[in-house]
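S.K.: Could you work out the structure for the sequence below:
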Amino acid sequence: MFMETRGVIEFELTREWTPVRVPEGPVEMELIGDRDSRPSAYSIIKFHLTSRDLQLGPWFVQLKCRCLEDVLVSRRPIQRGEILREDAIQWETRDVLSLRSPLTRELVDPDDPFEAVRTLREGEPILMRDVRRQPLVQRRDIVTAILDRGALQISIKALSEEEGYKGDIIRVINLRSNKEFHARVIRPNLVELAY
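M.R.: Numbers count the residues shown, from 1 in each chain. Predicted coordinates:
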């Protein structure tokens, strides 16, 4: 019924269920609906019951839903412009259906830091709109450029010609030969030759 969702989904009936008489023997419940829908705080599901060849229903019920997932929460007040570091953040399990685009584990990469775009209070869940990515390489930075082809590993010093975020392809200049080439940003001041 619902598309694959990370986290644990909990459902609770919003009204008491009226008992339904069913035939003796095993009974299967089959959900009917769009498999690509996402759960919301309140969802209506449609289902029918099947016992041998007899199909009962369909019925509609309204459910209160929660999707529990680990989200980033501020451990202490975080000032606007501050980089989110381990001493300022922690993971807590929260209902993500009640939040708008929280930072979850799938969105956070320790090698790709975020900066707060507004002041955050202690204990506040951190949302995507509260942060922006930090460039890992600034324009005119001296970076280490590596080439790794199995047994062949080369590293050189280069000058970045543009800023770049993790995964970006940027232009760099070899400091020895003065030749320009393209490289992919991996970590702060570390790039990999793009070939």
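S.K.: When you work out contacts or count neighbours from here on, use the C-alpha atoms and nothing else.
M.R.: Noted.
S.K.: Now do the same contact list for Glu82.
M.R.: Going by C-alpha atoms under 8 Å, 6 or more residues apart in numbering, Glu82 touches 115-116.
S.K.: what's the distance between it and Leu193?
M.R.: Look at Glu82 and Leu193: by C-alpha to C-alpha, to the nearest Å, they are 31 Å apart.
S.K.: Same check on Arg133?
M.R.: For Arg133, the distance to Leu193 - C-alpha to C-alpha - is 23 Å.
S.K.: out of these two, which sits in the more crowded spot?
M.R.: In this view Arg133 and Leu193 are compared by other C-alpha atoms under 10 Å, and Leu193 has more residues nearby, 18 against 15.
S.K.: Contact partners for the more buried one?
M.R.: By C-alpha under 8 Å, 6+ apart, the contact set of Leu193 is 145-147, 181-184.
S.K.: Of these, just the buried ones, ChimeraX syntax please.
M.R.: Typed into ChimeraX, the line below selects the buried ones among these, using 16 or more other C-alpha atoms under 10 Å:
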select :145,146,147,182,183,184
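S.K.: Among the contacts of Leu193, which one lies nearest to Phe114?
M.R.: Distance to Phe114, by C-alpha to C-alpha, is smallest for Arg184 among the contacts of Leu193, at 19.1 Å.
S.K.: pLDDT below threshold where in this protein?
M.R.: For the chain, applying pLDDT under 70 flags the ranges 1-6, 34-38, 195.
S.K.: which residues in it form strands?
M.R.: Using DSSP state E, the strands assigned to the chain run over residues 8-13, 28-32, 42-51, 54-74, 89-95, 114-116, 131-133, 142-149, 152-160, 169-174, 180-187, 190-193.
S.K.: Glu106: which of those is closest?
M.R.: Taking C-alpha to C-alpha, strand 54-74 is the member of the strands of the chain nearest to Glu106, at 9.6 Å.
S.K.: Run the angle between the closest one and strand 28-32 for me.
M.R.: Following axes from the mean of the first three to the mean of the last three C-alpha atoms, to 10 degrees, one obtains 70 degrees for the angle between strand 54-74 and strand 28-32.
S.K.: List the buried residues of strand 54-74.
M.R.: Buried residues in strand 54-74, counted by 16+ other C-alpha under 10 Å: 56, 63-74.
S.K.: rewinding a little: so which of the strands of the chain gets nearest Pro125?
M.R.: Going by C-alpha to C-alpha, the one of those nearest Pro125 is strand 54-74, 4.3 Å.
S.K.: That closest one packs against which elements?
M.R.: The helices and strands touching strand 54-74, judged by 3 or more C-alpha pairs under 8 Å, 6 or more residues apart in numbering; DSSP states H and E, are strand 8-13, strand 42-51, strand 89-95.
S.K.: of all the ones you listed, which gets the most neighbours per residue?
M.R.: Counting by mean count of other C-alpha atoms under 10 Å, strand 89-95 has the highest mean neighbour count of the helices and strands packed on strand 54-74, with a mean of 18.
S.K.: Give me the neighbour count for Val172.
M.R.: Quick note: Val172 (other C-alpha under 10 Å) scores 27 neighbours.
S.K.: Having no further points to raise, I will conclude here.
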